[in-house]
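>>> here is the input, now give the coordinates:
(one chain, ligands or ions: 2)
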Amino acid sequence: MRRIKLPFAGGLEVEFADRGRAIKQVEDFAEKGTRYPIIVFGPEGCGKTAWLKQSIEVLRKYGYDAIYIDPLHKKFIAYTDVEDAVKRLANATAEVIGVAEVKLATLAIDVVKELIGIWRRKYVAILVDEVFQVIGIEKAGMYVKSLLNLVEYLPEGYEKIVVIAATSEGLSRIEIGRHRWSEIMPIWNMTSEGFKELYAEIPNPKPPLEDAWKMTGGNPDILAKLINSNWNSNEVIEKIVEGRKLRSFITSLSIHERKWLLEAVEDPDTLFMRERMPLLNKLVELNLIVDDIPERKQYLWIDEPPPERNLELGIGKHVAWQTPIHREAVKRAIVQC
Ligand SMILES: Nc1ncnc2c1ncn2[C@@H]1O[C@H](COP(=O)(O)OP(=O)(O)OP(=O)(O)O)[C@@H](O)[C@H]1O
Ligand SMILES: [Mg+2]
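Ligands and ions are numbered 1, 2, ... in the order given. Okay, here's the model as predicted:
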């Protein structure tokens, strides 16, 4: 199978690296179809979009017509010879800003229905990227229901459909999880072996692999950000502090919460207590932490699960910092307030 090329830091392009198990899982979906929409969530920048795009290649190999949409950035990839479908998706992306995003999200579902109902395609896949930010968290459940409808109301004699959606939005997981309309599966940052493979694609000069691993925790987007800042980790940390207004956040905390946050910097599992839940939820909302992490059983995860606990990387059993850099940003903001 062809490994796709991906834009990385600056002008650098890399080849899709590793994620061997995640690719196998897509092959499995392609062979059996998905009985429920698969909703994949994970740290921002861990590689969800890259995996969805590589999945198009897998599905093509299995003879699927596949539609990938990224409504937030008004982008799509349509692998089908039904020209009308491609044209309509293209037209939707050209609509006025604010309209195009939602239109693309709903149109993609209509197009898939037509591929099945009118064009009689036997194998169809729809891959949806970050749709919940566009349609609003409160409508996330309804959108997933309409994805489920695609699976449930296939006409007689129909072969297979694959439905996958990805999100880094912690809150949408709660909204979607309230219904039994999907299978929610987490994905984590790359494994050390996988990260090594990606790191080998980065030209010299670069720090030793071990240093990059400790800073990124295997998150490819943080790696790209470090490269873009000439390996100045302070710059990357400060940008998170500024971008998330972390000083305002810290200032809004009670004395207790501030103490708990300091403890969480050392061990994120200390947040997993009744009275600390409101603080934990705020950190999830700020996309700094992933909470309620499932057991590390392979069948619960896309690709390889993270380690059971690795405090150096900020990973606890139940709660984890998205990356060591996210944790450093919080630490930095505490010091500054
Ligand atoms: N397996 C991989 N091999 C090579 N590059 C990768 C891989 N996974 C991700 N990348 C690159 O790392 C960066 C971040 O990945 P990507 O955008 O896919 O993450 P994401 O989880 O979708 O992020 P977000 O939460 O912001 O949507 C991108 O430049 C992407 O091309
Ligand atoms: Mg993405």
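>>> where does pLDDT dip in the stretch 1-150 of the chain?
The stretch 1-150 of the chain contains no residues with pLDDT under 70.
>>> which residues of it lie near ligand 1?
By C-beta under 6 Å from any ligand atom, the residues of the stretch 1-150 of the chain that approach ligand 1 are 6-8, 14, 16-19, 44-50, 130. Where you see a C-beta, it was placed from the backbone N, CA and C, and this is true even at glycine.
>>> please pick the buried ones from the residues you listed.
Using 16 or more other C-beta atoms under 10 Å as the burial test, those include 6, 8, 14, 16-19, 44-50, 130 as buried.
>>> what residues does whichever strand or helix holds Trp51 touch?
Assessed by DSSP states H and E, Trp51 sits inside helix 48-61. Under the contact criterion C-beta atoms under 8 Å, 6 or more residues apart in numbering, helix 48-61 has outside partners 1-4, 6, 16, 19, 22-23, 26-27, 30, 40, 42, 66, 68, 70, 77, 79, 123, 125, 127, 129-130, 162, 164, 166-168, 187, 220, 302-303.
>>> repeat the analysis, applying 7 Å as the threshold.
Helix 48-61 has contacts (C-beta atoms under 7 Å, 6 or more residues apart in numbering) with 1-2, 4, 6, 16, 19, 22-23, 26-27, 30, 40, 42, 66, 68, 77, 79, 125, 127, 129, 162, 164, 166, 168, 187.
>>> are any of those buried, and if so which?
Among the contacts of helix 48-61, the ones that count as buried by 16+ other C-beta under 10 Å are 6, 16, 19, 22-23, 26, 30, 40, 42, 66, 68, 125, 127, 129, 162, 164, 166, 168, 187.
>>> one step back: so which elements touch the following helix or strand past the helix holding Trp51?
Moving toward the C-terminus from helix 48-61, the next helix or strand (DSSP H and E) is strand 65-70. Packing partners of strand 65-70 (3 or more C-beta pairs under 7 Å, 6 or more residues apart in numbering; DSSP states H and E): helix 48-61, strand 75-79, helix 100-117, strand 123-129.
>>> strand 65-70 pairs with which strands, parallel or anti?
Taking DSSP bridges as the criterion, strand 65-70 sits next to strand 75-79 (antiparallel), strand 123-129 (parallel) in its sheet.
>>> close to ligand 2, is that strand?
No: Strand 65-70 does not reach ligand 2 (C-beta under 5 Å from the ion); its nearest approach is 7.5 Å.
>>> off-centre distance for that strand?
16 Å (C-alpha atoms, centre = their mean, to the nearest Å).
>>> contacting residues around it?
Counting by C-beta under 7 Å, 6+ apart, 52-53, 56, 59-60, 76-80, 104-105, 108, 111-112, 115, 121, 123-130 sit against strand 65-70.
>>> relative to helix 48-61, how tilted is that strand?
On the basis of axes from the mean of the first three to the mean of the last three C-alpha atoms, to 10 degrees, strand 65-70 is oriented at 170 degrees to helix 48-61.
>>> switch to numbering from 53
Will do, 53 is the new start, and the previous item becomes strand 117-122.
>>> strand 117-122 to helix 152-169, inter-axis angle?
Here the directions of strand 117-122 and helix 152-169 differ by 170 degrees (the same axes, to 10 degrees).
>>> neighbours of Val371, how many?
23 (other C-beta atoms under 10 Å).
>>> right, and it touches Ile341 too?
Yes: under the contact definition of C-beta atoms under 7 Å, Val371 touches Ile341, with a separation of 6.1 Å.
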